[in-house]
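S.K.: model this:
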Amino acid sequence: MSRRKPADPRFEAIIKRFMDVIRGVLGDKAVAVVAFGSRAWGGYRDGSDYDILLLHRCSEDEAVEAAAEAAFTVSTELSIPIEPVTMSIYRFLGLDSELARTCMDKGIIYFFDGGRPYRGVALDLLSLAEEYLDMARALYERGMVRGVIDMAYNAIELAINPKAELGVEDAKAVMETAEAILKAVRSRLSR
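M.R.: Alright, predicted model coming up:
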């Protein structure tokens with residue numbers, strides 16, 4: 001849960017229930033929900049709705065359907081109006097809209113996986129890195145050296161992205177790999 005508290009004391013319980021429904025529908029494709037609007041920031045009235053942004057790693061249609069289901073379920077159970085909005089985590093992190101910028105600045109964010117917001121993004125990038133590595137292997141079998149280097153470089157760049165939460169041992173392995181590459185290139189150039 002978020003460290004900041006919404007202005008409306010009921011909002012956290014509503015968020016928790018909304019997240020429970022979303023988790024059941026989307027599983028690990030749900031990244032976070034963001035409480036925003038007057039119920040989160042203050043100035044709300046009795047009839048104000050609860051604005052909830054669902055951040056996801058799936059198709060927009062799938063996210064909209066899940067958010068609508070969660071909003072309907074929670075609205076019906078608690079007799080409250082909920083206004084769900086959906087956005088991919090990639091668009092949100094790119095601050096690609098006014099809503100994303102406002103929610104990043106003032107929103108109250110609740111992560112599904114205990115505060116590791118980039119884990120899913122890192123896994124997606126790792127999968128893409130593995131595809132690049134597979135392409136590098138295929139090019140190697142055909143003797144296409146430049147293509148191998150380009151694909152392997154892309155794989156490495158994607159795998160060691162900042163969202164991968166790499167540790168000291170990981171950094172050491174990357175450094176040792178870089179040293180081996182530099183040594184090989186230096187040896188080749190000195191012939």
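
S.K.: Val174 belongs to a strand?
M.R.: No. According to DSSP: H, G, I helix; E, B strand; the rest coil, the state of Val174 is helix, so it is not within a strand.

S.K.: and it, how many residues sit next to it?
M.R.: The number of residues packed near Val174 is 14, by other CB atoms under 10 Å. (Glycine included, C-beta is placed from N, CA and C.)

S.K.: what about stretch 33-52, start to end distance?
M.R.: Counting by CA to CA, to the nearest Å, you get 6 Å between the two ends of stretch 33-52.

S.K.: What residues sit buried inside that stretch?
M.R.: Neighbour counts over stretch 33-52 (16 or more other CB atoms under 10 Å) mark 33-41, 44, 49-52 as buried.

S.K.: again with stretch 91-98
M.R.: Across stretch 91-98, burial judged by 16+ other CB under 10 Å covers 92-93.

S.K.: Please compute how far it lies from its chain's middle.
M.R.: In terms of CA atoms, centre = their mean, to the nearest Å, the centre of stretch 91-98 is found 12 Å from the chain centre.

S.K.: now Ile160, nearest residue through space, not along the chain?
M.R.: Closest residue in space to Ile160, ignoring its immediate chain neighbours: Val174 at 5.8 Å, by CB to CB, 6 or more residues apart in numbering.

S.K.: Just the residues contacting whichever helix or strand Met19 is part of, thanks.
M.R.: Using DSSP states H and E, Met19 sits within helix 11-26. Applying CB atoms under 8 Å, 6 or more residues apart in numbering, the external contacts of helix 11-26 come out as 1, 5-6, 30, 33, 35, 39-40, 50, 52, 54, 56, 58, 62-63, 65-67, 69-71, 73-74, 77-78, 80, 82, 84, 108, 110, 112.

S.K.: 6 Å instead, please
M.R.: Applying CB atoms under 6 Å, 6 or more residues apart in numbering, the contact partners of helix 11-26 are 30, 33, 35, 39, 50, 52, 66, 70, 73-74, 110.

S.K.: Just those: which are in helices?
M.R.: 39, 66, 70, 73-74 (DSSP state H).

S.K.: out of these, who's nearest Arg186?
M.R.: Ala66 (53.6 Å; CB to CB).

S.K.: okay, now the closest residue to that closest one other than its chain neighbours: neighbour count?
M.R.: Residue nearest to Ala66 in three dimensions, not counting chain neighbours: Val25, with 4.2 Å by CB to CB, 6+ apart. Using other CB under 10 Å, Val25 has 16 other residues around it.
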